[in-house]
Every structure is written in structure tokens, then in C-alpha cells.
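J.: need coordinates for the below:
(one chain, ligands or ions: 1)
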Amino acid sequence: MELKKELEALKGDYEKKFEEINNLQELQKLKAELLGKKGKITQVLKNLKNVPPEERKEIGKLANQIKQFFEDLIKAKEQSIKDKLLEEELKKSQIDITLPPFWIEAGAPHVVKETLKEITDIFVTMGFSVAEGPEVEREEYNFDMLNIPKDHPARDMQDTFFINKEGYVLRTHTSPVQIRTMLTKKPPIAIVAPGRVYRKDADPTHSPMFHQIEGLFVDENVTFKDLKGILKKFLETVFGENISIRLRPSYFPFTEPSVEVDIGCTVCGGEGCRVCKSTGWLEILGAGMVDPNVFEAVGIDTEKYTGFAFGLGIERIAMLKYRIPDIRLLFTNDLRFNTQFKGI
Ligand code: FA5
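T.: Sure thing, here's the model as predicted:
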């Protein structure tokens, strides 16, 4: 009956050990110690044949009962450890539904980009196609071939940013795209060229980097009347039929005759403010009939063809359309300013 006592002691002993356990690894270890191939209870059952026959039945029964007891205990323990682990895991990743939501604000294109697109689209609707040119431009295209030879005082009209590459400048206007286009295409030509340009300028209506859109139309029998008609239609589309438009004689080396076009200041309604420098008018574009010297530089027959060109300032248009009092507001990236134009 030694074995019976031993089995009972084993039961008491391991029951306690199982009680103290709280992780799955230790549980497996104890399980192996007791019920594994070489486990203590397994050994008892294996050695039953050595037990005297009169005790064998009783010991066998007891050993099986204890085995069953621990199998049930281990199963229950395993489940309780797993439940506990799950509960801890859930607690860690609990969603706090009382937290206020945070919104990711959707961005929007900048007002200058929007205006540039709107203006380009108006000309595209009229039948112009879009041309492009580089911002680091050959001096020859930015000046010489536009009838602005070296040492010509007209170069001073546009304060140039020179770069450390001989023969190149940051383009001061989009007019070099006229040259690039006429060097590669034969008339009829009808293009607009939107893009960034650079000048040493800075005040409420002048920025060192700004955007222009160039227009060029070359064909047989193009007249100043066509230029005036296109510009009038364009300005009325942007600002409405009631806009005041004024054409002033001007000078550009690459057009003859040349004009500058002003519109009535929409910021002050023509009364005078710092945007229109108290004149009631704001200059928004330069234009004219393509100078024969430019046609000659690109090899276009001046007997057969005439053309007009214009270049307008995008920021000026945006300022007048949205009554923005200082050009620098467009480039300071103040979100309070920028978000006002969302969805325009
Ligand atoms: C020119 O740049 C000519 N290339 C325009 C042209 C093209 C004339 C084709 C004839 C034929 P101007 O320097 O005036 O011209 O500039 C054109 C427009 O750009 C101006 O009317 C003004 O609206 C805008 N502009 C000029 N300088 C600045 C500046 N620093 N910041 C913002 N806008 C400017």
C-alpha cells in the first residue's frame, strides 16, 4: 500500500503546484512531468504489473482517477490562462469611444495655380494650344532673338537674375517660349505658355518670382483688331462684362505697336488704394503686334504673316479677382490666408 500513499501524496503535491501556475509554458512543463511519456503517473501505470495482484486493481483504479483528475485540471487551467491573456490583450487595444474624432483636412490647389489653370482653360477653349519652356533659359531666347540685343537699354526694363552658367538666365518673362515655338513650328500658330518667371522686384504688387501666361497668334492677315477682340473676350470671361478695360500705348522691343492693358481696380472700385497706387487702374498685361525683327530671327516670312503676342501676370489677375491687397500674401504660406480660396 506504499504506492497508494505515494499516489495520494503526488496528487496533493501537484494540485498545489498547478494552482500556483499562471503561464502556458509552465503548465506544459508540469503536464509533461506528470502525464508525459516518462511522467510520474505514466510510470505508475506502466509498472502496475509489478504490483502484487491483490493490490493491482485498486492501485490501477486510483492511478487512472488521478490521471483523469489532472487531465481535467490541466484543461481548465489552460483555458483560464488563455482567457486571462486575451483579456489583457483586449484591455491594451481597447478603443476609447469617448475620444473626440480628428479630421484630416483635405488640401486644395493654391489660388495662383487655380487662376493659372482657369486662364489657360479660357484660351484653350478659344482654340489656343499649350506650350512650355524652361525656367533656366538661354539669354539668346530671353533677350537677343526678342529684339533686345546686348547693351540695349531695354534689358534694364526687366531686372534679371543671372546664374553661374554662361549664356543662361532665370527667364524674366514667358516671351522666350514664343521663340522656341516659332523655331519649331510653321504658321498658323496659336499657343499660350503658362509658367514661372523671375525678376529682382519686391513690393506690394511685385514679387521676385511670379507667373505669366504668354499668348502668340501668327497667321495670314492677323490684325490689331484680333488682338483687342481676344483680350476683351478673355477679360470679360474672367471679371464679368462690367469690367473697365484701358489700352495704353507702350513699348516692348518684340512688338510694334505695343500696348499695356489696365483694368479698373477691383480692390478699391476705382477710388484709389495702395494696390493701384491711387490711380484706380492696375496694369495686368503687355501686348502688341509681333515685331518683324522677331519674325526674321526665327525665319518667318514677314511679307506673308503677321501676328500678335501678349504676356499677362497671373498674380495680378488673382489679386484683382479676389481683392487681395498685397502680392506677398500669395507666397507667405499662411494657412489662414490659403484656406479662404478652397473650392473657388
Ligand atoms: C512682359 O513681361 C512682356 N514679356 C509681356 C509681353 C508679351 C508684351 C508679349 C508684349 C508681347 P511686363 O514686364 O510688363 O511685360 O510684364 C507683364 C505683366 O507681368 C505685367 O503686366 C504684370 O501684370 C506682371 N508683372 C510684371 N512684373 C511683375 C512682378 N515682379 N510681380 C508680379 N507680376 C509682375
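J.: quick one, helices of the chain?
T.: 2-20, 24-35, 40-46, 53-92, 111-126, 139-142, 176-184, 224-239, 292-298, 314-322, 335-338 (DSSP state H).
J.: out of those helices, which is the most enclosed?
T.: helix 314-322 (a mean of 23; mean count of other C-beta atoms under 10 Å). All C-beta atoms are positioned from the backbone trio N, CA, C, and that covers glycine.
J.: I'd like to know which elements it is packed against.
T.: Helix 314-322 sits against helix 111-126, strand 209-219, helix 224-239, strand 281-290, with contacts defined as 3 or more C-beta pairs under 8 Å, 6 or more residues apart in numbering; DSSP states H and E.
J.: taking strand 209-219 as reference, get the angle to it.
T.: 100 degrees (axes from the mean of the first three to the mean of the last three C-alpha atoms, to 10 degrees).
J.: so helix 314-322, near the ligand or not?
T.: Yes - for helix 314-322, a contact with the ligand is found by C-beta under 6 Å from any ligand atom, at Glu315, Arg316.
J.: contacts for that helix, please.
T.: Applying C-beta atoms under 8 Å, 6 or more residues apart in numbering, the contact partners of helix 314-322 are 111-112, 115-116, 119, 194, 205, 207, 210-213, 238-239, 263, 265-267, 275, 282-284, 324-325, 327, 330, 341, 344.
J.: any of those residues buried? List them.
T.: For the contacts of helix 314-322, a burial check counting by 16 or more other C-beta atoms under 10 Å picks out 111-112, 115-116, 119, 194, 205, 207, 210-213, 238-239, 263, 265-267, 275, 282-284, 324, 327, 330, 341.
J.: out of those, which touch the ligand?
T.: For the ligand, the contacts drawn from those by C-beta under 6 Å from any ligand atom are Ser207, Phe210, Gln212, Glu283, Ile284, Ile327.
J.: adding pLDDT, write the residues you listed out as CSV.
T.: Converted to CSV, these look like this (pLDDT from 0 to 100):
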residue, pLDDT
Ser207, 89
Phe210, 96
Gln212, 97
Glu283, 89
Ile284, 89
Ile327, 89
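J.: include distance to Lys57 when you put those residues into TSV, please.
T.: Below are these laid out as TSV (distance: C-beta to C-beta, whole Å):
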residue	distance to Lys57
Ser207	105
Phe210	105
Gln212	108
Glu283	117
Ile284	113
Ile327	106
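J.: which single residue of the stretch 51-200 of the chain ends up nearest the ligand?
T.: His173 (3.4 Å; C-beta to the nearest ligand atom).
J.: and that residue, what does it touch?
T.: His173 makes contact with Asn142, Gln158, Val197, Gln212, Glu214, Gly311 under the criterion C-beta under 8 Å, 6+ apart.
J.: show me the two of those residues that sit farthest apart.
T.: Gln158 and Glu214 (14.0 Å; C-beta to C-beta).
J.: compare the two and say which is more crowded by neighbours.
T.: Glu214 (23 against 19; other C-beta atoms under 10 Å).
J.: residues contacting the spatially most central residue of the chain?
T.: Nearest to the mean C-alpha position of the chain, by C-alpha atoms, centre = their mean, lies Gly107 at 7.9 Å. With contact set as C-beta under 8 Å, 6+ apart, Gly107 has no partners.
J.: how about Ile327?
T.: Going by C-beta under 8 Å, 6+ apart, Ile327 touches Pro204, Thr205, His206, Ser207, Phe210, Glu315, Arg316, Met319.
J.: from those residues, which two are the most distant?
T.: Most distant of those, by C-beta to C-beta, are Pro204 and Phe210, 12.8 Å apart.
J.: quick one, which of the helices and strands packed on helix 314-322 gets closest to Asp151.
T.: Proximity to Asp151 (C-beta to C-beta) singles out strand 281-290 among those, at 22.3 Å.
J.: may I see the buried residues of that closest one?
T.: In strand 281-290, counting by 16+ other C-beta under 10 Å, buried: Trp281, Leu282, Glu283, Ile284, Leu285, Gly286, Ala287, Gly288, Met289, Val290.
J.: which strands and helices sit next to that strand?
T.: Against strand 281-290 (3+ C-beta pairs under 8 Å, 6+ apart) you get strand 209-219, helix 224-239, strand 245-252, strand 255-264, strand 306-313, helix 314-322.
J.: flag the shaky bits of the stretch 201-344 of the chain, pLDDT-wise.
T.: By pLDDT under 70, the stretch 201-344 of the chain contains no weakly predicted segment.
J.: I meant to write the stretch 51-200 of the chain there.
T.: 154.
J.: quick check: residues of it near the ligand?
T.: Counting by C-beta under 6 Å from any ligand atom, the stretch 51-200 of the chain sits next to the ligand at Gln158, His173, Ser175, Arg199.
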